[in-house]
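**Q** can't give you the sequence, but here's the structure:
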């Protein structure tokens, strides 16, 4: 199988950095066998990197449940209509790297109407850090290797002249690995045959960046800490006072990791929730503007 080229390339990288034993890389058939055996419940494996076929994997076969947080890394091309309908039911979903001429506007409208986040390729390139909050708490990620431009992923089945650069997909892979809830990353867009070695190497390096980030991740959740009582010293409050309106926005940042959260009210429940954000959102608020991310979360949390 051509996917063995990826596993072989990954193994060489793993020998250099043998501190990533809690991440398992496997083919889709091996992963499904693991699910049937239910062996992961007592294993030391934190996350799986699953090498799938050329197309988006079948959600029903993956047995990931009805309510899950997920992200797709891809151009938006080739996503089945049934998938869009299915993910409308999910609490947290995002599409990162969409290209407008490949992603039908009616599908994007469906996602937007359900409150899901879409970051287009140009937006990502302008600010790579903007995708980190969307990946911070995902459980499942579907990563399309053909979202990488052909010159960096020169497989004959990848006919896209535009897309992510190789270094950009690896940076996204690190953001994925730093998720605090990650269970599995499904990598598709892999050749079934005639796989150029450079493509296998790039897929392996993507897997390595995910595994390395998982191995070095510091998991944080200020919401859980708040329920226990006082927040630990690693969390700092930053409060922005909008004097003209009499309102405030509360941010929390971690001095340990540099992560940021913004507090968003949930009107019906008379409570608030900490949502992932960026330092840029804090500076936007400090300049007297309400961050678009806060508005996005506010509308989503209060229209569920």
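**A** That came through, no problem. The structure displayed is predicted, hence computed values, not measured ones. Numbers count the residues shown, from 1 in each chain.
**Q** burial count for the residue lying closest to residue 205 once chain neighbours are set aside?
**A** With Cβ to Cβ, 6 or more residues apart in numbering as the measure, residue 170 is the residue that lies nearest to residue 205, at 5.9 Å, once sequence neighbours are left out. Any C-beta I mention is one placed from the backbone N, CA and C, and that applies to glycine too. Summarising burial for residue 170: neighbours were counted as other Cβ atoms under 10 Å, giving 17.
**Q** assumed residue 170 was part of a strand.
**A** No - applying DSSP: H, G, I helix; E, B strand; the rest coil, one finds residue 170 to be helix, outside a strand.
**Q** go ahead and confirm it touches residue 207.
**A** No - using Cβ atoms under 8 Å, residue 170 is not in contact with residue 207, being 10.1 Å away.
**Q** quick one: residues contacting the residue nearest to residue 205.
**A** Residues counted as contacts of residue 170 (Cβ atoms under 8 Å, 6 or more residues apart in numbering) are 205-206, 209.
**Q** so for it, what's the pLDDT?
**A** Looking at residue 170, its pLDDT is 97.
**Q** same question, residue 134
**A** At residue 134 the predicted local distance difference test score is 93.
**Q** helix/strand/coil for residue 10?
**A** Local secondary structure at residue 10 is given as helix here, using three-state DSSP.
**Q** tell me how many other residues crowd it.
**A** 23.
**Q** so it sits against residue 210, correct?
**A** No - in this structure, residue 10 sits apart from residue 210 without contact. The criterion is Cβ under 8 Å, and the distance is 10.3 Å.
**Q** per-residue pLDDT, residue 149?
**A** 97.
**Q** numbering from 67 from now on, please.
**A** Will do, 67 is the new start, and the previous item becomes residue 215.
**Q** and the closest residue to it other than its chain neighbours, how far from residue 184?
**A** Taking Cβ to Cβ, 6+ apart as the measure, residue 215 lies nearest to residue 229, with 3.9 Å between them; neighbours along the chain are not counted. Residue 229 is 16 Å from residue 184, where distance means Cβ to Cβ, to the nearest Å.
**Q** now residue 122
**A** Applying Cβ to Cβ, one obtains 17 Å for the distance of residue 122 from residue 184.
**Q** hmm, residue 364 and residue 331 touching each other?
**A** Yes - look at residue 331 against residue 364 with Cβ under 8 Å: they come within range, at 7.3 Å.
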